[in-house]
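Asker: I would like to see how this sequence folds:
(chains A and B)
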Amino acid sequence: DGGITQSPKYLFRKEGQNVTLSCEQNLNHDAMYWYRQDPGQGLRLIYYSQIVNDFQKGDIAEGYSVSREKKESFPLTVTSAQKNPTAFYLCASSTTGRDQPQHFGDGTRLSIL
Amino acid sequence: KQEVTQIPAALSVPEGENLVLNCSFTDSAIYNLQWFRQDPGKGLTSLLLIQSSQREQTSGRLNASLDKSSGRSTLYIAASQPGDSATYLCAPKAAGNKLTFGGGTRVLVKP
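Answerer: Numbering: from 1, shown residues only, chains lettered A, B, ... in the order given. Here you go, the predicted structure:
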């Protein structure tokens, strides 16, 4: 089945720790995105990548980092600099054509221990 | 900067009623607008994508309209069912292929 796989489903972070969220897609999409969702709110863009080895900051990139070494993979690291990391994190992908929809994974819920 | 508002924030209707969900956006220079459904604790499922040149897009019981010049889109769900209970999000797409999301409308359809 073609789709987007996010892992783990639940993740706990200790104070001062960096954690990495995985996002893999087998849709052959060039573009990938990371969003953060807080309770009762819409999604906010953290980082996005239109092509391998290139990525751009979104609206709330501070305290996060990404890499895009392979077309299929776009991992997100939540660093210790992110002081309020508790949220639901969603990964999406699309073709780069502007008329194409974005497709989403099932999300990772990150909590602080 | 694009701002997206969805009204109402929550809606409760008896089964069989038609649903009307509103989305407004401040910057009309959009390529398209996507409507999504989100079940609790889950990711987003794309329902409809309406291009900036279109006025309407239909899929089954769902119909989305777009008035780009006034910055409005409406999602209509006909003959609602309990399985339609979810949060519905709208997201216009602008330059840079970036979506901007509204806060969503939480829908409860009572049997």
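
Asker: Could you show which parts of chain B are in contact with chain A?
Answerer: Residues of chain B lying close to chain A (Cβ under 8 Å from any Cβ of the partner chain) are B:4, B:31-32, B:34, B:36, B:41-46, B:49, B:51, B:89, B:91, B:93, B:96-99, B:101-104. C-beta coordinates here come from the backbone N, C-alpha and C atoms, glycine included.

Asker: Check which residues of stretch A:80-87 are buried.
Answerer: For stretch A:80-87, the neighbour count (16 or more other Cβ atoms under 10 Å in any protein chain shown) marks A:82, A:85, A:87 as buried.

Asker: pLDDT averaged over it, what's the number?
Answerer: Mean pLDDT, computed over stretch A:80-87, is 91.

Asker: Over to stretch B:63-82?
Answerer: Stretch B:63-82 comes out with an average pLDDT of 96.

Asker: And it, what's buried?
Answerer: B:63-64, B:66, B:68, B:71, B:73-75, B:77, B:80.

Asker: if I read this right, A:Ser111 contacts A:Lys9, doesn't it?
Answerer: No. Taking contacts as Cβ atoms under 8 Å, A:Ser111 lies outside contact range of A:Lys9: 11.9 Å.

Asker: Which part of chain A gets nearest to chain B, residue-wise?
Answerer: Chain B sits closest to A:Gly42 of chain A, with a gap of 3.5 Å, by Cβ to the nearest Cβ.

Asker: Where does the nearest residue to that residue once chain neighbours are set aside sit, in terms of helix or strand?
Answerer: Excluding its sequence neighbours, the residue lying closest to A:Gly42 (Cβ to Cβ, 6 or more residues apart in numbering or on different chains) is B:Phe101, at 3.5 Å. For B:Phe101, there is no host helix or strand (DSSP states H and E).

Asker: give me the number of residues near B:Phe101?
Answerer: Neighbour count of B:Phe101, defined by other Cβ atoms under 10 Å in any protein chain shown: 22.

Asker: Model confidence at it, what's the number?
Answerer: The model's pLDDT for B:Phe101 equals 95.

Asker: Repeat that for A:Val19.
Answerer: Reported pLDDT for A:Val19: 95.

Asker: Next: B:Ser53.
Answerer: B:Ser53 is assigned a predicted lDDT (pLDDT) of 92.

Asker: before we move on, what about A:Gly2?
Answerer: Reported pLDDT for A:Gly2: 68.

Asker: give the contact list for the nearest residue to A:Gly63 once chain neighbours are set aside.
Answerer: Nearest non-adjacent residue to A:Gly63, counting by Cβ to Cβ, 6+ apart: A:Gln82, 2.8 Å away. Taking Cβ atoms under 8 Å, 6 or more residues apart in numbering or on different chains, we find A:Gln82 in contact with A:62-64.
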